[in-house]
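A.B. asks: Generate a structure from the sequence data that follows.
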Amino acid sequence: MTELIWDFNEFMSRDFKSLAMGLTPSGHIHLGFLTTLACAFMYIREHPKCHLIITNVENSLASDYEKYNGVPLRFQFLEEGGLIIPKDYEQLKKRNAAASVVHGEVTSLIWKLAQIFDKRTKKELELVKSAFIPPQHKKWLELKENKVLHVFGTQIYIYSFIRVLERDRPFRNNLIRYLVSYPFAQIVGPLAGILPKVKNFSNTIQIKAKEYQAKCFSVPVRLYCPNCHNLCPDWAVVVLGHPYHPGPTFAARCKNLGECPRADMHSGYDGYVYHSLGDALDMAEFHFMLDPMRDFFQPFLVDCHIFGGDYFQLTYTRSGVTAVDKIKLMFEFLEQSTGQSKFIFGGPLITINGMKMSKSGKAFNIKDIENLRMVFQNIVTKLEEFRSQSFPNGIKIEYTDIIKKAA
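C.D. replies: As a prediction, the model looks like this:
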C-alpha cells in the first residue's frame, strides 16, 4: 500500500534509494517547484546514497481544455516568441528545437540552485563526472536532452519525458500496456473526471458482407490534430476491434469546425484523429495526474515521489478529496500489478496570510524575480528552521518569507 508522508522531518528521516519530482514549464516555472526542489536537495545532501530524478514533462495537461487556448502546452514554451504551432515538417523541427532550449534552461536553473549546497571545487566536480558510468537503463543520459549533475556525492538525473517516450521502447511499451487496460482506465479515469465504460465507437463499418462495430473506452489523454494542430477538446478513447486501425489505437474527434478538413469531414476523413500505439506516444498529451505512473518503470523507477503542498493540503470542491488521494489509488493499482511499494511526500504549500497563493500575478513567475538564488536560499532557511518541529498536516510557507530581500 502506498504510504503518504505529510511531515517534513519524517520524510528527512526515511532511507530512500531514489527520489522523483517533475515539472511542466509552460513558459512559467512557479515558486512551488522551488519548494519541492529544496526538499529534494536537502534530502540527498543528508542521504548521499540516494539519487534524484527530475523529469521535465513537456506533454502534460490539466482537465481545463480552455486553459491552453486549444493548443498543446508544449507549443507554448517560448513566452516571448508566442506559440510555436508546426504547419509542416520544418516547423515541427523548430518546435523540437524550442523544447530542447527550454530543457537546457531548466537544467541550467537546477544546476545554479544546486551550487548553493555544493561547496566542491570545479576540479573536484570534473573528477566525479569523469568517473561516472551511466547504467544501461539510463543510456539516454549521454544525449543532449538529458543531463546528469554530480552533487552531494550522488547524481541528479534530469530527463526530458518526451524524448524518453520517443527513444526508450521498453518504457513506452510499459506505458502502453497500462493505458490500453480497461481495469487501469477505471482507476485513472476519475483523475480527470472521466467515468470510463466500454461503449460502441462511432458507426458500424461494412466491408463486403461483414459489419464491424469497434468498441472504446475513455482515458485521460488528449490528441492534437495533424491537420490544424489544435488540441481535440475531448479526452481520447482507446479503440479496439476497428477494421482499419488494428491493434490498440487512441482516437479523438477534431472539433475545429470551419477551419480543419478533418473536423469538417472532407473526403477521406471521418472527423477523428487516430494515433496507433504501435508507432509512438510522443504526440499524445497526458493528464498531469497520470504522469507519475512513470515512477514504476525504468529509467524513472524510484522509491518516493515529492509532490507540491497543494496536492496534499487542498481538496477539490466537488469531490472533497485531494489530488494525492486520487494519485494514491493509481499507485496502489500499479503496486499490486508490479509488486513494488511506493512512498509519496507532500512538500510545502505557499500561502499569503495563511491562504493558498493564487497562480497569477507577476511575482509568481520566477523569471520576474531578480534574485532567484536569494529566494531559494530563503526557502532552504525556512525548511532548516522547521527541522525541530512536527508538521502532521504539512508545511505552509508564507510568500513574504520567500521573497524578502529578493523581489
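A.B. asks: neighbours around residue 316, how many?
C.D. replies: Residue neighbour count, defined by other CB atoms under 10 Å, stands at 12 for residue 316. (Each C-beta comes from the backbone N, C-alpha and C, glycine too.)
A.B. asks: What of the one 10 residues further on?
C.D. replies: Residues lying near residue 326 (other CB under 10 Å) number 19.
A.B. asks: again, but for residue 404
C.D. replies: Using other CB under 10 Å, residue 404 has 12 neighbouring residues.
A.B. asks: so what pLDDT did it get?
C.D. replies: For residue 404, the pLDDT comes out at 74.
A.B. asks: Do me a favour and get the end-to-end distance for stretch 245-255?
C.D. replies: 21 Å (CA to CA, to the nearest Å).
A.B. asks: Got phi/psi on residue 236?
C.D. replies: phi -70, psi 160 (degrees, to the nearest 10).
A.B. asks: That one reaches residue 223, doesn't it?
C.D. replies: Yes - if you go by CB atoms under 8 Å, residue 236 and residue 223 touch, sitting 5.2 Å apart.
A.B. asks: overlap in contacts of the two?
C.D. replies: Counting by CB atoms under 8 Å, 6 or more residues apart in numbering, the common neighbours of residue 236 and residue 223 are 250, 251, 252, 275, 284.
A.B. asks: doesn't the first one fall inside a helix?
C.D. replies: Okay, so that is residue 250. No - assessed with DSSP: H, G, I helix; E, B strand; the rest coil, residue 250 is strand; it does not lie in a helix.
A.B. asks: Tell me the spacing between it and residue 166.
C.D. replies: According to CB to CB, to the nearest Å, residue 250 stands 16 Å off from residue 166.
A.B. asks: low-scoring pLDDT stretches of the stretch 151-300 of the chain, where are they?
C.D. replies: 279-280, 282 (pLDDT under 70).
A.B. asks: can you pull out the helices in it?
C.D. replies: Applying DSSP state H, counting those that start in this stretch to the stretch 151-300 of the chain gives helices spanning 161-167, 169-179, 182-188.
A.B. asks: how about those helices in TSV, adding mean neighbour count and distance to residue 309?
C.D. replies: Formatted as TSV, those follow (neighbours: other CB atoms under 10 Å; distance: least, CB to CB, whole Å):
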stretch	mean neighbour count	distance to residue 309
helix 161-167	20	23
helix 169-179	17	28
helix 182-188	18	23
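A.B. asks: any chance of those helices in CSV, plus distance to residue 154?
C.D. replies: As requested, the helices of the stretch 151-300 of the chain are arranged in CSV below (distance: least, CB to CB, whole Å):
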stretch, distance to residue 154
helix 161-167, 21
helix 169-179, 22
helix 182-188, 32
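A.B. asks: Out of these, flag the one nearest residue 304.
C.D. replies: For residue 304, the closest of these is helix 161-167, at 18.7 Å, according to CB to CB.
A.B. asks: how far does that closest one sit from the chain's center?
C.D. replies: 12 Å (CA atoms, centre = their mean, to the nearest Å).
A.B. asks: what packs against that helix?
C.D. replies: With contacts taken as 3 or more CB pairs under 8 Å, 6 or more residues apart in numbering; DSSP states H and E, helix 161-167 sits against helix 169-179.
A.B. asks: what sits up against the helix it packs on?
C.D. replies: Here helix 169-179 makes contact (CB under 8 Å, 6+ apart) with 164-165, 184-185, 219, 221, 238, 248, 277, 280-281, 293-294, 296-300, 334, 337.
A.B. asks: try it again with 7 Å
C.D. replies: 164, 165, 184, 219, 221, 248, 277, 281, 293, 297, 298, 299 (CB atoms under 7 Å, 6 or more residues apart in numbering).
A.B. asks: Leaving out the residues flanking it, which one is nearest to the residue positioned nearest the centre of the chain?
C.D. replies: Nearest to the mean C-alpha position of the chain, counting by CA atoms, centre = their mean, stands residue 57 at 3.9 Å. Spatial nearest neighbour of residue 57, excluding adjacent residues (CB to CB, 6 or more residues apart in numbering): residue 161 at 4.5 Å.
A.B. asks: about what we covered before: just the buried ones from the shared contacts of residue 236 and residue 223, in PyMOL syntax?
C.D. replies: Burial among the shared contacts of residue 236 and residue 223 is assessed by 16 or more other CB atoms under 10 Å; the matching PyMOL selection reads:
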select buried, resi 250+251+252+275+284
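A.B. asks: Please identify which pair of the shared contacts of residue 236 and residue 223 lies farthest apart.
C.D. replies: 251 and 284, at 11.3 Å, using CB to CB across the shared contacts of residue 236 and residue 223.
A.B. asks: where along the stretch 201-350 of the chain do the strands fall?
C.D. replies: 205-207, 210-212, 215-218, 221-223, 237-240, 249-253, 272-276, 284-287, 304-307, 343-346, 349-352 (DSSP state E, counting those that start in this stretch).
A.B. asks: The second one pairs with which strands, and in what direction?
C.D. replies: Within its sheet, strand 210-212 is paired with strand 205-207 (antiparallel), according to DSSP bridges.
A.B. asks: hang on, the earlier thing: between the helices of the stretch 151-300 of the chain, which gets nearest to residue 376?
C.D. replies: That would be helix 161-167 among those, by CB to CB, at 23.8 Å.
A.B. asks: and that closest one, C-alpha only, in CSV?
C.D. replies: Provided in CSV are the C-alpha atoms of helix 161-167 (Å, rounded to 0.1, in the frame of the first residue of the first chain):
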residue,chain,number,x,y,z
PHE,A,161,9.9,13.0,-20.7
ILE,A,162,9.0,13.5,-24.4
ARG,A,163,12.5,12.3,-25.5
VAL,A,164,12.4,9.2,-23.4
LEU,A,165,9.0,8.4,-24.8
GLU,A,166,10.4,8.7,-28.3
ARG,A,167,13.5,6.7,-27.8
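A.B. asks: Off-centre distance for stretch 187-205?
C.D. replies: The answer for stretch 187-205 is 23 Å, by CA atoms, centre = their mean.
A.B. asks: Return it as CSV; C-alpha atoms alone will do.
C.D. replies: This file holds the C-alpha atoms of stretch 187-205, laid out as CSV (Å, rounded to 0.1, in the frame of the first residue of the first chain):
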residue,chain,number,x,y,z
ILE,A,187,-8.8,3.7,-11.8
VAL,A,188,-7.2,6.7,-13.6
GLY,A,189,-10.3,8.0,-15.4
PRO,A,190,-11.6,9.8,-12.3
LEU,A,191,-8.3,11.7,-12.1
ALA,A,192,-9.7,13.7,-15.0
GLY,A,193,-13.4,13.5,-14.2
ILE,A,194,-13.9,10.5,-16.5
LEU,A,195,-16.2,7.6,-15.7
PRO,A,196,-14.9,5.0,-18.2
LYS,A,197,-17.2,2.4,-19.6
VAL,A,198,-16.9,0.3,-22.7
LYS,A,199,-19.2,1.5,-25.5
ASN,A,200,-19.6,1.5,-29.3
PHE,A,201,-17.1,3.6,-31.2
SER,A,202,-18.7,5.7,-34.0
ASN,A,203,-20.8,3.9,-36.6
THR,A,204,-20.6,0.4,-37.9
ILE,A,205,-18.3,-0.2,-40.8
